[in-house]
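Undergrad: Give me a 3D structure for the following:
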Amino acid sequence: LEDGATTAEATAADAVTVTGEANATITVTFTGPSGTVTKTVESATGAADNVGPLTANDLLTLGNGTIVVTATQTDQAGNVQTDPAAQDSFGLGASLAATPVLALGAGIADDQITEDDALSSTGVVTVAGTLNATITVTFDDGNNPAVEKTLTGTGAAQEVVLDAADLNSASANYIADGEVTITATQTDLLGRISATATLVVTLDTSVPTAPTLALGANVSGGATATEATQLTGVVTVSGESDAAIVVTFENGDNGNTVTKTLTGTGSAQAVRLSAADLTTLGDGPISVSAIQTDLAGNESPEATPVTFDLDTSTPAAPGLALGPDVAATISAAIATQSTGVVTVSGENGNTITVTFTGTAGVFTAAAVTANGATAQPVTLAAGDLTTLGDGLISVSAVQTDAAGNESPAATTTFTLDSTVPADATIA
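TA: Model prediction:
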């Protein structure tokens with residue numbers, strides 16, 4: 001004990017020993033700053049005998065500081081020693097109580113704390129301290145009066161539970177969203193205060209807003225395989241920075257789903273599907289939803305969904321035929337007839353584009369909206385004939401569905417001869 005005694009050292013069985021006459025009764029007196037404790041050794045052995053031991057309550061009686069120990073003995077016949085009492089001393093409370101152990105509560109994975117985490121019935125943190133020590137746990141956001149919780153140490157980890165009032169700004173003491181410093185100290189039975197255990201967490205009780213979804217470029221009328229897999233995304237999504245955004249695609253016909261996860265940047269991000277995703281979903285009406293979860297684990301409402309038709313099938317080439325009275329070689333009158341120089345047909349609602357390529361140039365007719373198997377005329381005007389020039393005219397037609405899938409080309413040809421012959425000569 002010459003360097004000072006901790007609680008464990010002062011209460012050890014052999015903390016203080018005394019040597020006296022065999023069979024004598026030795027009275028040992030401990031005098032501290034706060035009081036006196038007396039211990040008696042009955043029937044001394046004549047060798048070093050243990051005094052005590054002192055108890056925790058004895059240490060409370062004595063108080064921290066210098067403890068003076070004196071001893072006198074009375075022999076077996078009842079004679080009391082006349083020499084001055086033997087004396088020694090030691091320091092009590094020379095070291096701090098042990099630092100408590102502070103840890104995140106059960107089920108709390110990291111230092112990002114939601115409201116549910118903070119109010120968990122199993123404790124936002126746990127603290128372990130010395131048996132019967134007074135443990136003070138403080139929650140401080142740096143701006144508002146701190147919240148304190150007091151427990152009595154058990155020697156094992158204990159749950160530190162907050163209640164709704166501790167998060168309520170109407171309370172006298174509360175913690176708000178942001179960085180929160182959690183500290184714990186313990187005061188043992190001798191009044192010694194430990195060093196401070198510290199945890200720093202971020203409290204986030206706010207539910208994030210719903211992410212924002214939008215259709216990608218050229219997807220408004222439906223998505224082809226190319227558009228669904230394009231670098232700019234079949235849809236875009238924007239959400240809170242660092243939030244986990246989950247985007248779900250669901251086919252309304254077969255119920256198949258594909259999920260994509262992104263980390264929010266605060267700006268719109270492309271969401272692409274892969275070729276395998278298209279196989280999983282299958283063609284049909286696709287509904288897209290999204291939610292985001294912030295770093296603390298707060299989950300947003302669902303985004304306003306967007307929809308598109310997925311159509312990865314290439315349509316067949318449209319029907320293309322020469323118009324009535326159109327032979328291998330035709331005049332300007334036949335080429336400009338109202339019944340059409342050619343006729344086209346295709347899948348109902350598809351857009352058919354007819355292109356004429358002549359010796360002098362190329363002309364693309366106004367788009368035709370297909371009406372199933374019904375043949376529709378495609379006419380030329382006099383100016384179009386000038387653009388094309390006389391000679392072989394190649395005609396191609398392709399049809400494009402609502403999603404943008406383009407068919408192979410259907411082709412045909414005719415020869416245009418728009419030159420009026422010279423007058424005949426009779427001789």
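Undergrad: Now do the strands in the stretch 151-300 of the chain.
TA: Taking DSSP state E, counting those that start in this stretch as the criterion, the stretch 151-300 of the chain contains strands spanning 157-160, 178-187, 197-203, 212-215, 235-238, 244-251, 257-263, 269-271, 284-293.
Undergrad: so of these, which one's packed in deepest?
TA: Stretch with highest mean neighbour count among the strands of the stretch 151-300 of the chain: strand 235-238 (a mean of 22; mean count of other C-beta atoms under 10 Å). Every residue, glycine included, has its C-beta placed from N, CA and C.
Undergrad: What pairs with that one, parallel or antiparallel?
TA: Using DSSP bridges, strand 235-238 pairs in its sheet with strand 212-215 (antiparallel), strand 269-271 (antiparallel).
Undergrad: For Leu151, find the nearest of the strands of the stretch 151-300 of the chain.
TA: Leu151 lies closest to strand 157-160 among the strands of the stretch 151-300 of the chain, at 5.5 Å (C-beta to C-beta).
Undergrad: Nearest to Thr229, out of the strands of the stretch 151-300 of the chain?
TA: strand 269-271 (10.8 Å).
Undergrad: Tabulate the strands of the stretch 151-300 of the chain in TSV, adding columns for distance to Ala327.
TA: Below are the strands of the stretch 151-300 of the chain laid out as TSV (distance: least, C-beta to C-beta, whole Å):
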stretch	distance to Ala327
strand 157-160	96
strand 178-187	85
strand 197-203	83
strand 212-215	48
strand 235-238	52
strand 244-251	50
strand 257-263	54
strand 269-271	54
strand 284-293	46
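Undergrad: could you dump the ones you listed to JSON lines with mean pLDDT?
TA: Formatted as JSON lines, these follow (pLDDT from 0 to 100):
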{"stretch": "strand 157-160", "mean pLDDT": "97"}
{"stretch": "strand 178-187", "mean pLDDT": "96"}
{"stretch": "strand 197-203", "mean pLDDT": "96"}
{"stretch": "strand 212-215", "mean pLDDT": "97"}
{"stretch": "strand 235-238", "mean pLDDT": "97"}
{"stretch": "strand 244-251", "mean pLDDT": "98"}
{"stretch": "strand 257-263", "mean pLDDT": "98"}
{"stretch": "strand 269-271", "mean pLDDT": "97"}
{"stretch": "strand 284-293", "mean pLDDT": "97"}
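Undergrad: how about stretch 99-116: buried residues?
TA: Pro100, Leu102, Leu104, Gly105, Ile108, Asp111, Gln112, Ile113, Thr114, Glu115 (16 or more other C-beta atoms under 10 Å).
Undergrad: My guess is the first one contacts Ile182. True?
TA: No: applying C-beta atoms under 8 Å as the test, Pro100 and Ile182 come out as separate, 11.5 Å apart.
Undergrad: sorry, back to before: select, out of the strands of the stretch 151-300 of the chain, the one closest to Asp423.
TA: Asp423 lies closest to strand 212-215 among those, at 64.7 Å (C-beta to C-beta).
Undergrad: Residues contacting the closest one, please?
TA: Residues from elsewhere that reach strand 212-215, judged by C-beta atoms under 8 Å, 6 or more residues apart in numbering: 234-239, 247, 268, 288-290, 303-306, 308.
Undergrad: Let me know the pLDDT of Leu1.
TA: pLDDT recorded at Leu1 is 68.
Undergrad: correction: Thr6
TA: Reported pLDDT for Thr6: 76.
Undergrad: Count the neighbours of it for me.
TA: 19 (other C-beta atoms under 10 Å).
Undergrad: again with Asp177
TA: With other C-beta under 10 Å as criterion, Asp177 counts 15.
Undergrad: didn't it look like it was pressed against Ser169?
TA: No: using C-beta under 8 Å, Asp177 makes no contact with Ser169, being 10.4 Å away.
Undergrad: can you list the strands paired with strand 235-238 in CSV and add distance to Glu21?
TA: Formatted as CSV, these follow (distance: least, C-beta to C-beta, whole Å):
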stretch, distance to Glu21
strand 212-215, 94
strand 269-271, 92
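Undergrad: Of the ones you listed, which is nearest Asn405?
TA: Across the strands paired with strand 235-238, closest to Asn405 is strand 212-215 (C-beta to C-beta), at 17.0 Å.
Undergrad: CA atoms only for that closest one - export them in PDB, please.
TA: The C-alpha coordinates for strand 212-215 follow below in PDB (Å, rounded to 0.1, in the frame of the first residue of the first chain):
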ATOM      1  CA  THR A 212     -38.000  11.400 -58.200                       C
ATOM      2  CA  LEU A 213     -38.400   9.200 -61.200                       C
ATOM      3  CA  ALA A 214     -38.600  10.200 -64.900                       C
ATOM      4  CA  LEU A 215     -38.600   8.300 -68.200                       C
END
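Undergrad: show me the contacts for the nearest residue to Ser345 once chain neighbours are set aside.
TA: Closest residue to Ser345 apart from its sequence neighbours, by C-beta to C-beta, 6 or more residues apart in numbering: Gly319 at 3.8 Å. Residues in contact with Gly319 (C-beta under 8 Å, 6+ apart) are Thr343, Val344, Ser345, Gly346, Ala373, Ala375, Ala410.
Undergrad: Let me know the closest of the residues you listed to Val69.
TA: For the contacts of Gly319, the nearest to Val69 is Gly346 (111.2 Å; C-beta to C-beta).
Undergrad: That closest one and Thr74: what is the separation?
TA: 125 Å (C-beta to C-beta, to the nearest Å).
Undergrad: and if you look at Asp253?
TA: 104 Å.
Undergrad: now Ala366
TA: Counting by C-beta to C-beta, the gap from Ala366 to Thr74 is 130 Å.
Undergrad: If you count surrounding residues, which of the two has more?
TA: Neighbour tally, Ala366 and Thr74, criterion other C-beta under 10 Å: the higher count belongs to Thr74, 15 against 8.
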